[in-house]
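In: Structure here, sequence nowhere to be found:
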């Protein structure tokens with residue numbers, strides 16, 4: 001009888017435990033959360049995961065309840081109707097044993113911003129070399145409780161992911177400084193015009209090509225990527241072993257920390273590796289300065305320790321010193337003889353040269369030890385400036401210095417992957433013991449950013465997309481002519497929105513070098529406007545006048561121009577011109593070529609005494625600087641030495657910095673050509 005009692009008790013406890021475990025499997029993607037904005041006046045999906053067969057109830061305080069059952073695959077989704085703009089509201093998701101409540105929910109307009117570094121570039125800029133115009137004033141005045149921001153943290157995934165790292169926040173000086181400047185200025189313009197809540201999702205990563213943002217299914221349509229997609233599909237078991245190896249390491253989850261302070265106060269072996277007595281006999285050597293992506297470390301994000309012993313002369317004994325290391329990507333804690341002398345543990349300082357004071361109390365003649373803990377967010381990594389920037393010298397005596405460039409010892413301590421820090425151990429758990437994959441997986445690998453940073457957002461209802469990318473594809477402009485439209489159609493298909501608005505930025509003038517024809521990339525972007533519900537803004541006039549700066553500081557103008565497309569095409573502002581002049585057609589009339597343009601309702605104009613940037617060619621296909629004038633909303637182009645004109649080009653170079661054709665809305669014309677002559681790369 002006692003055995004029967006204990007047996008029944010065991011079954012009861014087991015069933016309760018199972019039910020508790022099943023209820024704990026209720027998962028909601030972080031894109032659904034407190035402070036979110038839901039698209040107004042439409043049907044929006046709410047979705048998640050759970051135990052098969054579990055009933056899910058979604059309640060919302062503007063008047064409604066929806067129920068569904070978790071399917072056999074562990075997924076569920078409901079559609080709810082949203083009202084006119086307003087809030088705050090409350091939304092509740094409930095299973096049998098668990099209730100999740102989301103507060104401060106707004107109803108308004110939702111836009112996704114994506115692309116590479118010019119979209120990622122935050123409102124605070126990347127000082128000192130890449131500032132945002134008037135950033136301090138912008139940040140100080142950023143108090144918009146109805147503009148909500150969602151920053152998608154950088155991550156990659158071999159397969160389409162369910163979850164992303166990020167959370168919705170209200171716009172304040174503290175939250176806006178690390179958010180996309182382009183997306184913020186776009187959203188702020190919409191808010192000021194529409195006076196409704198605005199939700200902005202930023203999913204971007206610097207230095208990334210368009211193929212990384214495109215799904216494997218869509219890339220299979222393009223011959224250039226079929227081989228890579230096949231390799232990715234064949235990597236299943238090897239990738240499982242790869243993940244299994246990493247999961248045996250000591251893991252620290254950083255995803256629940258504030259993004260800009262994610263690396264502060266971590267235990268990274270500081271008390272051991274900073275000490276002069278610690279032996280670096282088994283450490284490898286690296287010549288600094290260098291980006292470690294160019295070394296045997298390769299593509300690596302995480303923590304690397306660097307150490308160097310130097311000899312201090314007797315005359316420097318017990319003197320205050322200054323140490324300079326040049327820029328460090330991204331963060332650092334620097335030690336001298338085991339004592340911390342300075343640090344940058346928050347994000348955004350990857351271009352800032354490090355300069356720290358060394359107190360005389362820890363300076364001694366003879367051998368001294370410098371130790372630098374470098375913490376790298378995804379992308380780049382290292383102590384990477386110019387050799388002349390690395391030096392140590394007595395305070396107030398820069399002329400008498402010891403160079404620090406040269407051989408340093410280094411040790412990778414931990415790898416940062418998808419919000420988690422994996423700390424290496426010894427022998428079979430060391431950096432050198434990492435398993436290798438047949439294809440390197442990083443932010444440039446086709447489909448990986450789509451999987452990790454776009455797929456988890458789908459099917460969240462958005463009004464449209466703004467996109468700022470292309471710089472990383474300038475070496476393959478002909479490929480981009482197919483790739484970019486494919487990516488746009490891919491996103492539309494997966495969102496099941498064939499008319500999803502997609503507005504993008506044409507890349508700005510930049511000195512890519514003589515072997516790269518960025519004008520062809522601009523042409524590819526221009527031709528992509530043939531897709532319905534797309535729009536392009538031109539930035540030839542707002543790149544700052546410096547062809548060596550790839551991140552134009554005037555992101556306010558970029559955001560405003562993108563907002564013109566949305567306001568004119570999606571919010572029925574008929575008095576707003578969406579675009580600058582876009583080449584449409586040409587006619588040859590004797591020795592002249594007459595050009596027609598779209599978006600000239602307000603009229604054409606020039607900025608300056610005469611039109612600049614036009615070239616014309618005759619039958620010999622040799623282009624010469626041309627004369628041009630505006631007449632009856634058209635442009636007439638000619639050259640006195642060409643009797644029979646064949647073709648015209650405008651702003652056709654890496655750096656089209658002297659072009660000055662505008663419409664009277666003050667928007668510049670896009671560079672273009674009338675010919676289709678092949679240009680070799």
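Out: That came through fine. None of the values given here were measured: they were computed from a predicted structure. Numbers count the residues shown, from 1 in each chain.
In: Please make it C-alpha for all contacts and neighbour counts, starting now.
Out: Fine.
In: quick one: the nearest residue to residue 101 once chain neighbours are set aside from residue 59, how far?
Out: Take residue 101 and drop its neighbours on the chain: the residue closest to it by C-alpha to C-alpha, 6 or more residues apart in numbering is residue 92, 4.4 Å away. Applying C-alpha to C-alpha, to the nearest Å, the value for residue 92 to residue 59 is 5 Å.
In: Pull up the distance across stretch 563-576, start to finish.
Out: Taking C-alpha to C-alpha, stretch 563-576 runs 10 Å from one end to the other.
In: chain center to it, what's the gap?
Out: 26 Å (C-alpha atoms, centre = their mean, to the nearest Å).
In: Residue 674 is in contact with residue 586, isn't it?
Out: Yes. Between residue 674 and residue 586 there is a contact at 7.4 Å, judged by C-alpha atoms under 8 Å.
In: picking that back up, just want to know which of residue 92 and residue 59 has more residues nearby.
Out: A direct count of neighbours by other C-alpha atoms under 10 Å for residue 92 and residue 59 places residue 59 higher, at 18 against 15.
In: mind checking which helix or strand that one is in?
Out: strand 55-60 (DSSP states H and E).
In: Give me the mean pLDDT for that strand.
Out: Across strand 55-60, the average pLDDT comes to 98.
In: what's the answer for stretch 284-291, then?
Out: For stretch 284-291, mean pLDDT rounds to 97.
In: and if you look at stretch 485-492?
Out: 98.
In: Can you give me the buried ones in that stretch?
Out: Neighbour-count burial for stretch 485-492, counted by 16 or more other C-alpha atoms under 10 Å, picks out 485, 486, 487, 488, 489, 490, 491, 492.
In: tell me the contacts of the fifth one?
Out: Okay, so that is residue 489. When contacts are counted by C-alpha atoms under 8 Å, 6 or more residues apart in numbering, residue 489 touches residue 498.
In: what do you get for the last one?
Out: Residues touching residue 492, when contacts are defined by C-alpha under 8 Å, 6+ apart, comprise 498, 499, 500.
In: name the element the residue nearest to residue 101 belongs to?
Out: strand 86-94.
In: Give me the angle between that strand and strand 55-60.
Out: Compare the direction of strand 86-94 with that of strand 55-60 by axes from the mean of the first three to the mean of the last three C-alpha atoms, to 10 degrees and you get 170 degrees.
In: tell me which residues in strand 86-94 are buried?
Out: Using 16+ other C-alpha under 10 Å as the test for burial, strand 86-94 gives 87, 88, 89, 90, 91, 93, 94.
In: which of those lies closest to residue 635?
Out: Closest approach between the buried residues of strand 86-94 and residue 635, by C-alpha to C-alpha: residue 87, at 50.7 Å.
In: ok, the closest residue to that closest one other than its chain neighbours - contacts?
Out: Using C-alpha to C-alpha, 6+ apart and skipping the chain neighbours, the partner closest in space to residue 87 is residue 106 (4.7 Å). Residues in contact with residue 106 (C-alpha under 8 Å, 6+ apart) are 35, 36, 37, 38, 85, 86, 87, 88, 89, 146, 197.
In: what sits opposite residue 106 in the beta ladder?
Out: Per DSSP bridges, the residues bridged to residue 106 are residue 37.
In: Could you check how far it is from residue 165?
Out: Distance from residue 106 to residue 165, by C-alpha to C-alpha: 21 Å.
In: Check residue 182 too.
Out: For residue 182 relative to residue 165 (C-alpha to C-alpha), the value is 21 Å.
In: rewinding a little: can I get the contacts of residue 492 in TSV with neighbour count, pLDDT and distance to residue 582?
Out: Shown next, in TSV, are those (neighbours: other C-alpha atoms under 10 Å; pLDDT from 0 to 100; distance: C-alpha to C-alpha, whole Å):
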residue	neighbour count	pLDDT	distance to residue 582
498	15	96	24
499	14	96	22
500	20	98	22
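In: For the residue found closest to residue 499 once you drop the neighbours it is linked to in the chain, what are phi and psi?
Out: Beyond its immediate neighbours in the sequence, the residue positioned closest to residue 499 (C-alpha to C-alpha, 6+ apart) is residue 533, lying 6.2 Å away. Backbone torsions of residue 533, given as degrees, to the nearest 10, read phi 60, psi 30.
In: my read: residue 533 touches residue 504, true?
Out: No. Using C-alpha under 8 Å, residue 533 makes no contact with residue 504, being 11.2 Å away.
In: Between those two, which has more neighbouring residues?
Out: Taking neighbours as other C-alpha under 10 Å, residue 533 and residue 504 compare with residue 504 leading, 25 against 16.
In: per-residue confidence at that one?
Out: In this model, residue 504 is scored at 98, pLDDT.
In: Wasn't it part of a strand?
Out: Yes. Under DSSP: H, G, I helix; E, B strand; the rest coil, residue 504 falls within a strand.
In: got a list of what it touches?
Out: 466, 467, 468, 534, 535, 536, 537, 562.
In: for those residues, which one is nearest residue 350?
Out: Distance to residue 350, by C-alpha to C-alpha, is smallest for residue 468 among these, at 21.4 Å.
In: And the pLDDT for that closest one?
Out: In this model, residue 468 is scored at 98, pLDDT.
In: What are the phi and psi values at it?
Out: Per-residue torsions, residue 468: phi -140, psi 100 (degrees, to the nearest 10).
In: Bridged to it, which residues?
Out: When bridges are called by DSSP bridges, residue 468 pairs up with residue 115, residue 505.
In: I'd say it and residue 508 touch.
Out: No. Counting by C-alpha under 8 Å, residue 468 stays clear of residue 508, with 10.5 Å between them.
In: Comparing these two, which residue is more hemmed in?
Out: Neighbour totals were compared for residue 468 and residue 508, and residue 508 leads with 27 against 24 (other C-alpha under 10 Å).
In: Which strand or helix spans that one?
Out: Going by DSSP H and E, residue 508 is not in any helix or strand.
In: got the contact list for it?
Out: Residue 508 neighbours (C-alpha under 8 Å, 6+ apart): 538, 539, 540, 542, 543, 550, 552.
In: at 10 Å what do you get?
Out: By C-alpha atoms under 10 Å, 6 or more residues apart in numbering, the residues touching residue 508 are 470-471, 518-519, 522, 538-544, 547, 549-552, 654-657.
In: ok, back up a step: how much space is there between the residue nearest to residue 499 and residue 274?
Out: Using C-alpha to C-alpha, residue 533 is found at 57 Å from residue 274.
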